[in-house]
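Asker: Return a 3D structure for these sequence lines:
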Amino acid sequence: EPEDPSSSQEEGKKHQVVDIIISEWMGYFLLRESMLDSLIRARDKFLKPKTGLMLPSHTTMYFAPIFDEEERKISNQEYSGAMSDWGEFVDSTQSVYGVNMSILGKDFEKEQKEYYLLSSRWAELRPDAVLSEPVVVKELDMMTCTLADSKGITYNDPRAQFDFDIVSDDVNGPVSGFAGWFTANFQSRTDEVGRIHAPQLPSAAFLSTGPEAGYTHWGQQTFHLVSSIPLIKGETTNIRGCIEMSRTKENARLYNCRIRYESSRRKSGEEKDGVVLMKGGVIEHVYQIP
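Answerer: Residues are numbered from 1 along each chain as shown. The predicted model follows:
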């Protein structure tokens with residue numbers, strides 16, 4: 001017999017007796033591990049909708065270009081070393097056993113590239129490693145966010161677009177890649193219902209996992225470029241593009257991050273839409289967040 005919807009709703013309301021949910025659900029670059037899903041389900045089932053509080057109450061994801069050349073070069077060297085070892089293995093297998101393993105070369109190269117070059121890395125960056133003002137790529141109000149919000153960042157999200165200007169005279173270069181991190185607020189509710197009915201928190205608290213905050217368990221996630229972008233004195237480098245984050249097909253707790261960008265240079269002091277000295281093509285990489 002079909003269930004009476006009104007009966008189901010009334011039954012659900014009986015569970016909404018919790019005043020506060022406190023949870024440390026945040027993963028690397030906020031969303032890794034996908035623990036937010038469970039929190040949203042618990043909120044919808046147990047938290048008092050008008051007066052309940054979620055702590056943290058709000059979270060924000062940041063993204064910025066970085067200088068991290070030493071680590072980028074180490075990754076490239078490790079990749080080159082792995083490919084060199086493979087070449088020796090193919091030669092020795094052929095000469096000793098008469099077996100030609102070269103047919104596996106493309107698959108091996110793809111695997112090593114994904115591991116060494118196209119996987120994000122945990123980092124504790126210095127504040128001066130950030131080359132331009134970070135942009136917000138996602139914000140979550142923990143009282144109103146949905147399961148769809150927890151799945152990642154979509155290309156259509158206006159927050160997914162970035163546009164960085166890097167003045168070479170002001171920073172160290174080159175551009176080694178990008179980094180992502182998050183902040184978490186512990187404050188009063190800001191949603192329409194909560195502003196009216198929920199209790200106000202007299203003392204807000206704030207957590208940052210950005211480079212300016214020093215060491216945290218979460219650190220920053222770095223996405224190194226295969227080839228760095230040089231910065232030339234007297235010129236401004238512009239990098240614009242978009243970021244997407246989606247769960248992997250193999251493991252719902254892990255994410256892939258697609259970064260698509262193009263760079264251009266103009267004389268420092270030139271208007272943003274002024275004379276362009278150089279413009280590169282569109283580059284796209286898909287990184288694993290392991």
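Asker: ranges for the helices of the stretch 1-150 of the chain?
Answerer: Remark: helices assigned in the stretch 1-150 of the chain by DSSP state H, counting those that start in this stretch are 5-15, 36-46, 69-97, 105-116, 147-150.
Asker: The stretch 151-290 of the chain now?
Answerer: Using DSSP H, counting those that start in this stretch, helices in the stretch 151-290 of the chain cover 192-197.
Asker: Output the below-cut-off pLDDT ranges for it.
Answerer: Along the stretch 151-290 of the chain, no part satisfies pLDDT under 70.
Asker: Spell out the residue ranges of the strands in it.
Answerer: 161-167, 175-186, 205-208, 220-229, 235-247, 255-267, 278-279, 283-289 (DSSP state E, counting those that start in this stretch).
Asker: and the second one, what does it pack onto?
Answerer: Taking 3 or more Cβ pairs under 8 Å, 6 or more residues apart in numbering; DSSP states H and E as contact, the helices and strands that strand 175-186 lies on are strand 58-66, helix 69-97, strand 205-208, strand 220-229, strand 235-247, strand 255-267. Backbone N, C-alpha and C define where each C-beta goes, glycine included.
Asker: Could you check the angle that strand makes with strand 58-66?
Answerer: 160 degrees (axes from the mean of the first three to the mean of the last three Cα atoms, to 10 degrees).
Asker: Count the neighbours of Met245 for me.
Answerer: Met245: 24 surrounding residues under other Cβ atoms under 10 Å.
Asker: residue contacts, the closest residue to it other than its chain neighbours?
Answerer: The shortest distance from Met245 to any non-neighbouring residue, by Cβ to Cβ, 6 or more residues apart in numbering, is to Gly152 (3.8 Å). By Cβ atoms under 8 Å, 6 or more residues apart in numbering, the contact set of Gly152 is 31, 244-247, 255.
Asker: Phi, psi for Gly152 please.
Answerer: When read as degrees, to the nearest 10, the backbone of Gly152 gives phi 140, psi -150.
Asker: any idea how far Pro127 is from it?
Answerer: Gly152 sits 27 Å away from Pro127, going by Cβ to Cβ, to the nearest Å.
Asker: before we move on, what about His224?
Answerer: 19 Å.
Asker: of these two, who's got more company?
Answerer: Between His224 and Pro127, counting by other Cβ under 10 Å, His224 is the more crowded of the two (28 against 10).
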